[in-house]
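Trainee: 3D model of this:
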Amino acid sequence: SEDKFLQKFIDSEVFAAECYRVLAMSGVFYCEMGQQLWRANRAQIRKAGFVRSASYWVTPFSGELRTAFPAGDSKMAAYLFKNVLFGQSTKKKMLSRSAELLSRMSVRPKVAPRRSIVLAKANEAAEQQQVPRYLIDLAAQNGIDFNGLRCGLSARGKFNANKSIFYLFEPDAEQAKYVVKMTRAPEFNFRLENEYRSLVHIREKNYVDEKTYPAPLFLGKHAGLVVSAQKAVHAQPFRSRTSATADCPIAKDAIDWIVQLGAASAGERTAASHEVAETLENLLRQFQDIYKLPENEIAFLQQQLDTIRSHRQPLPLVFQHGDLGSWNILVGDDDKVIVLDWEAGETGGMPLWDFFYFIRSYAMWMCLVKGQRDSLQNFRNMFLQPSEISTLFAETVASYSASVGLDAALVAPLFYFCWLHRSLKEAMRLKKDELLSGHYVSLLRLCISEQEAIRTMINKQ
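Mentor: The predicted model follows:
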């Protein structure tokens, strides 16, 4: 449907004159208007003293705007379809490729017919930068020039926890040069602040190859919202490149990267066993307040805490990514992994947790590729029975533990509390009546019930 404001603007000269009066010289009106309506009314709009300073095609077809890219920019549109919209399922990848092809063929209006325009007063200020002025100013304060760059916006997701992301391109470039993230609500500012600190820390410490994570540029704030800029990463999703087998060289590279990150950071911080136990016990109390598991299961988890508490040596802490699912990994042309989304990064993190999370997510992807969708049964088959994955798990646990100086007796407690921690995070997304059917609490309870199989898997090497 046509924008009601715009229709009133077109129909009433008095209303148009009042709009002109109240609008600042550098101000603009955002309106949704198709090409046909614009062509039919542009003379009247210009007569009222306004010009079209920018034009965008937006998605979805209706409702709240989620993406906005400059109309007529087929290169940026192709990038959007390939890298931003849709997903990694076979159906969605086919849709993405089709839309990208149509965009390059200049028939994008058939793919995304929704249009918007920006009206400005007919003066010098009407020649606006594509990049928002506040981003240009923040970049300039950090010695970076955003002037003259092309800009597209993605604001996908329906929740305040989601981010708005700007993709910045040099003139005529087909690939974004910078990616700028912005929070949607101040209560989530800490996430981007932590990601920036994590990326700066890992770069300064040189734990892993600098080509294996995004390069941070600057951190700033606009209207109370945090803005974080990074160099754009050009690679393909891990899931589209892996062979989804236990001997996949790309998966092996990801595992080697995790081990290297742990080994390189392990010597910097340690914690007394009782301090780690106290921290995890706080998590256990929160967990039980939410999930209220049977006493025997809580008693088992308490035993794991006692194992840590009675350990005589300090525990090595590591730099932890904190959300190392396979979906947060890209693969470059050299078949080397690039790890994204460092919002949960932690300088004093738990050893092995990144590996546990990655190997589970990878094993589940291997099963999904084969059409096996029962996640708990898939876990049983992959980890609780003899398999190539369970062997890989045991071998990696042994090498990781040796490289960071972790006692083998602590592996099992860390394994169970990894899933307890994930259950706590998942609880924030679940309704009260959905809690006990949550994925991670179900996985944790399965592991407790199969503790002998877990012990066998961990000690397999």
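Trainee: give me phi/psi at the nearest residue in space to Gly262 that is not next to it in sequence?
Mentor: Leaving aside its chain neighbours, Gly262 sits nearest to Val318 (4.5 Å; criterion: C-beta to C-beta, 6 or more residues apart in numbering). All C-beta atoms are positioned from the backbone trio N, CA, C, and that covers glycine. Per-residue torsions, Val318: phi -130, psi 160 (degrees, to the nearest 10).
Trainee: Quick check: the gap between Val318 and Ala176.
Mentor: Using C-beta to C-beta, to the nearest Å, one gets 32 Å for the distance from Val318 to Ala176.
Trainee: quick one, which of those two is more surrounded?
Mentor: Taking neighbours as other C-beta atoms under 10 Å, Val318 and Ala176 compare with Val318 leading, 29 against 26.
Trainee: correct me, but that one touches Val404?
Mentor: Yes: between Val318 and Val404 there is a contact at 6.2 Å, judged by C-beta atoms under 8 Å.
Trainee: Spit out the residues that contact these two alike.
Mentor: Gly262, Ala266, Pro351 (C-beta atoms under 8 Å, 6 or more residues apart in numbering).
Trainee: ok, how many other residues are close to the last one?
Mentor: When neighbours are counted by other C-beta under 10 Å, Pro351 registers 24.
Trainee: same deal with the first one?
Mentor: Per other C-beta under 10 Å, the neighbour tally for Gly262 reads 26.
Trainee: Point out the other helices and strands that whichever strand or helix holds it packs with.
Mentor: If you go by DSSP states H and E, Gly262 is part of helix 249-265. Contact here means 3 or more C-beta pairs under 8 Å, 6 or more residues apart in numbering; DSSP states H and E; on that basis helix 249-265 packs against helix 238-241, strand 315-320, strand 337-339, helix 353-369, helix 388-404.
Trainee: TSV please, covering those and showing distance to Thr307 and mean pLDDT.
Mentor: Output for the helices and strands packed on helix 249-265, formatted as TSV (distance: least, C-beta to C-beta, whole Å; pLDDT from 0 to 100):
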stretch	distance to Thr307	mean pLDDT
helix 238-241	34	95
strand 315-320	12	98
strand 337-339	31	98
helix 353-369	17	98
helix 388-404	15	97
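Trainee: thinking again about what came up before, save the shared contacts of Val318 and Val404 as TSV, and put in distance to Ile136 too.
Mentor: Output for those, formatted as TSV (distance: C-beta to C-beta, whole Å):
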residue	distance to Ile136
Gly262	40
Ala266	42
Pro351	43
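Trainee: Closest one of the residues you listed to Ala229?
Mentor: Distance to Ala229, by C-beta to C-beta, is smallest for Gly262 among these, at 28.3 Å.
Trainee: Check what pLDDT that closest one gets.
Mentor: What the model reports as pLDDT for Gly262 is 98.
Trainee: With the one 10 residues further on instead?
Mentor: At Ala272, the predicted lDDT confidence score is 97.
Trainee: Name the next helix or strand following the helix holding Gly262 along the chain.
Mentor: Helix 249-265 is succeeded, C-terminally, by strand 269-271 (DSSP H and E).
Trainee: Any idea how far the next helix or strand after that following strand is from the middle of the chain?
Mentor: Counting by DSSP H and E, the next helix or strand C-terminal to strand 269-271 is helix 273-291. Centre-to-centre, helix 273-291 and its host chain are 27 Å apart (C-alpha atoms, centre = their mean, to the nearest Å).
Trainee: Output helix 273-291 as PDB, nothing but the C-alphas.
Mentor: Output of helix 273-291 as PDB, limited to C-alpha atoms (Å, rounded to 0.1, in the frame of the first residue of the first chain):
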ATOM      1  CA  SER A 273      39.900 -25.000  42.000                       C
ATOM      2  CA  HIS A 274      37.600 -23.700  44.800                       C
ATOM      3  CA  GLU A 275      37.100 -20.400  43.000                       C
ATOM      4  CA  VAL A 276      36.000 -22.300  39.800                       C
ATOM      5  CA  ALA A 277      33.800 -24.600  41.800                       C
ATOM      6  CA  GLU A 278      32.200 -21.600  43.500                       C
ATOM      7  CA  THR A 279      31.500 -19.900  40.100                       C
ATOM      8  CA  LEU A 280      30.000 -23.100  38.700                       C
ATOM      9  CA  GLU A 281      28.000 -23.700  41.900                       C
ATOM     10  CA  ASN A 282      26.300 -20.300  41.300                       C
ATOM     11  CA  LEU A 283      25.400 -21.400  37.900                       C
ATOM     12  CA  LEU A 284      24.000 -24.700  39.300                       C
ATOM     13  CA  ARG A 285      21.800 -22.700  41.800                       C
ATOM     14  CA  GLN A 286      20.400 -20.500  39.000                       C
ATOM     15  CA  PHE A 287      19.900 -23.600  36.900                       C
ATOM     16  CA  GLN A 288      17.900 -25.400  39.600                       C
ATOM     17  CA  ASP A 289      15.800 -22.400  40.300                       C
ATOM     18  CA  ILE A 290      14.700 -22.400  36.600                       C
ATOM     19  CA  TYR A 291      14.600 -26.100  35.700                       C
END
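Trainee: quick one: it to strand 315-320, angle?
Mentor: 60 degrees (axes from the mean of the first three to the mean of the last three C-alpha atoms, to 10 degrees).
Trainee: where does this structure have low pLDDT?
Mentor: Across the chain, residues meeting the criterion (pLDDT under 70) sit at 1-3, 85-112, 124-129, 461.
Trainee: follow-up on the earlier one: return the distance of the helix holding Gly262 from the chain's centre.
Mentor: 20 Å.
Trainee: Ok, stretch 303-314 next?
Mentor: Using C-alpha atoms, centre = their mean, the offset of stretch 303-314 from its chain centre is 34 Å.
Trainee: for stretch 337-357, same thing?
Mentor: 13 Å.
Trainee: and that stretch, how far apart are its ends?
Mentor: 16 Å (C-alpha to C-alpha, to the nearest Å).
Trainee: Give me the buried positions along that stretch.
Mentor: Using 16 or more other C-beta atoms under 10 Å as the test for burial, stretch 337-357 gives 337-347, 349-357.
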